[in-house]
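> Pasting the sequence and the predicted model now:
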Amino acid sequence: MAVERTFSIIKPDAVARNITGAINAMIEQAGLRIVAQKRVRITREQAQTFYAVHSARPFFGELVDFMISGPVVVQVLEGENAIARYREVMGATDPSKAAEGTIRKVHAKSIGENSVHGSDAPETAAIEIAQFFAGNEIVG
Ligand SMILES: Nc1ncnc2c1ncn2[C@@H]1O[C@H](COP(=O)(O)OP(=O)(O)OP(=O)(O)O)[C@@H](O)[C@H]1O
C-alpha cells in the first residue's frame, strides 16, 4: 500500500477540553504525519454538506448542532494506509465499544461527542480534504 492521505476533524468536545495536543500525540505515535492543520468554526451549511450522507438519520440535527457548537481542528494526515490506520487509531464510533488505547476509548464522551472524525474511503477523503484545504496548504 502506497502512502495516502486522510481527512481528520478533532471535534468540538475535544477542542473545548483542550486535548488537541494529546490527540495529536496519539496520531503521531501511530505513524501518521499531520501535513495540514487549522482551527476553524464550521458553518451550519458546511456541517450539513459534510454529513449529508446522514441527513435522513434521526440524530442528524443533533450532529450538525454539535459540530457547530464550538471550534474544531481540521487536519490532513499522511502515511502508509492512512485511511484504515486512522480509523483503527480512532476506535469504534461508540466509545464504550472502542478498543483499549484508541482515541475514542481514551477521550470520547459519548457516541455523539466522540472527539474525532476520519474519512472512510479514498473517494471521501479526497472530497473532504478539498472541502477544507487548498492544495498549497498541505505540505507533505
Ligand atoms: N446514534 C447516534 N447518536 C448521535 N450521534 C451519532 C449516532 N451515530 C452516529 N453519530 C454521529 O455521527 C457521526 C457519523 O457517524 P458514522 O456512523 O459515520 O460514524 P464514524 O464513521 O465512526 O464517524 P465519523 O464519520 O465522524 O468519522 C459519528 O461520529 C457520531 O458523531
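Cool, got the structure.

> Please enumerate the helices of the protein.
12-16, 20-29, 44-50, 60-67, 82-90, 103-107, 122-132 (DSSP state H).

> what's the longest one in contact with?
This points to helix 122-132. When contacts are taken as CB atoms under 8 Å, 6 or more residues apart in numbering, the neighbours of helix 122-132 outside the stretch itself are 4-7, 38, 40, 46, 49-50, 74, 76, 83, 119, 138. Every C-beta, even on glycine, is put in place using the N, C-alpha and C of the backbone.

> Can you tell me which of these comes closest to the ligand?
When those are compared for distance to the ligand, the smallest value, 7.5 Å, is given by Ser119; criterion: CB to the nearest ligand atom.

> separation between the nearest residue to the closest one once chain neighbours are set aside and Gly118?
Across the structure, with CB to CB, 6 or more residues apart in numbering as the measure, the residue nearest Ser119 apart from its sequence neighbours is Ala125 (3.7 Å). Using CB to CB, to the nearest Å, one gets 9 Å for the distance from Ala125 to Gly118.

> go on, Glu100?
According to CB to CB, Glu100 and Gly118 sit 18 Å apart.

> what does the chain have sitting close to the ligand?
Proximity of the chain to the ligand is assessed by CB under 6 Å from any ligand atom, with 54, 59, 62-63, 93, 111-112, 114, 117-118, 120 identified as the residues in range.

> Apply 8 Å and report the result again.
Where proximity means CB under 8 Å from any ligand atom, the interface of the chain facing the ligand comprises 9, 11, 51, 53-54, 57-59, 62-63, 66, 87, 90, 92-94, 110-114, 116-120.

> ok, back up a step: any idea of the pLDDT on the residue nearest to Ser119?
What the model reports as pLDDT for Ala125 is 98.

> same check, this time on the one 10 residues further on
The score at Gly135 is 95. That number is its pLDDT.

> what's around it, how many residues?
As a burial measure, Gly135 scores 8 neighbours (other CB atoms under 10 Å).
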